[in-house]
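Participant: Fold the following for me, if possible:
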Amino acid sequence: MVLTTPLRSAGWRVPLAVALASCLILVAPPTARADITRTDFPTVAQVKSSMKGAGKWRRGLGDPDFAHLGARPAACRSDLPFAAAVESRSAGYFGSLVGSRKYDGQVQVNVYRFASKRSAVEAMAALEVFLGDCRVSDEWVCQDCDGIWTYARRPAAPRQVGRQSLAWNQQTLGMGRGNARVIAARSSRLIVVATASHQTAPESMKKPPKPTWKTTIAIARKALARAR
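Facilitator: The predicted structure is shown next:
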């Protein structure tokens with residue numbers, strides 16, 4: 001999911017940032033509605049600092065009622081491992097990076113609350129199976145539009161975040177190209193999924209480097225501490 005070019009004007013970056021934040025938010029699964037407040041997520045300053053951001057960063061809060069339309073293979077819809085969640089909410093962050101004009105930084109935080117600790121543990125087990133079965137998949141979130149993304153996922157060694165965690169590398173191809181590290185961390189009946197990504201614009205499809213695991217761990221820990 002998404003973007004920057006070596007040559008860009010200030011006027012071009014503003015609508016692009018809004019579009020990118022929207023794309024990030026759209027991948028949150030549609031479980032029961034939950035009121036979204038800013039205090040549920042890391043601050044813009046915290047994320048910008050972890051990502052070594054530059055200039056002004058933006059944050060958008062997601063709509064938990066947004067519905068996924070489908071995936072290929074059908075079992076690889078990214079909301080399915082969290083289908084038992086009773087609440088979900090999300091936030092997307094976007095901005096420039098220190099020392100880079102060829103790609104930008106993007107962070108997504110999804111928060112899922114389950115009815116019980118057991119249900120959350122089962123969701124983590126389902127996610128682990130999903131990561132093994134869905135190494136490459138396509139997913140779409142709207143009809144007759146550019147909201148189609150190809151995902152390539154590769155499981156990585158778990159990182160110590162929360163009571164239980166899974167980690168993976170993730171590349172995306174759609175309106176630009178993304179290269180990300182992802183950590184899903186559980187604490188009791190809460191699961192937080194933090195995605196730290198470097199993204200290129202549609203005009204530049206060269207794969208950017210990934211953020212470091214240190215960066216992703218820092219964001220995941222902040223997100224889990226703020227989630228409730």
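
Participant: rest of the way, CA atoms for contacts and neighbours
Facilitator: Fine.

Participant: Bridge partners for the residue nearest the centre of the chain, pull those for me.
Facilitator: By Cα atoms, centre = their mean, the chain has its centre lying nearest to residue 108, at 3.4 Å. Per DSSP bridges, the residues bridged to residue 108 are residue 92, residue 195.

Participant: Spit out the contact partners of it.
Facilitator: 24-25, 90-93, 193-196 (Cα atoms under 8 Å, 6 or more residues apart in numbering).

Participant: That one and residue 86, how far apart?
Facilitator: Note on residue 108: its distance to residue 86, by Cα to Cα, to the nearest Å, is 20 Å.

Participant: about what we covered before: pLDDT-wise, what's the bottom of the contacts of residue 108?
Facilitator: Lowest pLDDT among these: residue 25, with 37.

Participant: returning to what we had before: highest neighbour count among the contacts of residue 108?
Facilitator: Ranked by the number of neighbours (other Cα atoms under 10 Å), those place residue 196 first, at 31 neighbours.

Participant: and the residue lying closest to residue 77 once chain neighbours are set aside, which of the three is it?
Facilitator: Sequence neighbours aside, residue 71 is the residue nearest to residue 77 in space, at 5.1 Å (criterion: Cα to Cα, 6 or more residues apart in numbering). Put simply, residue 71 is strand when judged by DSSP: H, G, I helix; E, B strand; the rest coil.

Participant: pretty sure residue 71 contacts residue 141?
Facilitator: No. Look at residue 71 against residue 141 with Cα atoms under 8 Å: they stay out of range, at 9.0 Å.

Participant: Next, work out how far apart the residue nearest to the centre of the chain and residue 58 are.
Facilitator: The value you get for residue 108 to residue 58, if Cα to Cα is used, is 12 Å.

Participant: intersection of neighbour lists for these two?
Facilitator: Both residue 108 and residue 58 are contacted by residue 93, under the criterion Cα under 8 Å, 6+ apart.

Participant: Tell me, how many residues neighbour the residue nearest to residue 77?
Facilitator: Residue 71, neighbours per other Cα under 10 Å, totals 18.

Participant: and it, bridged to which residues?
Facilitator: residue 139.
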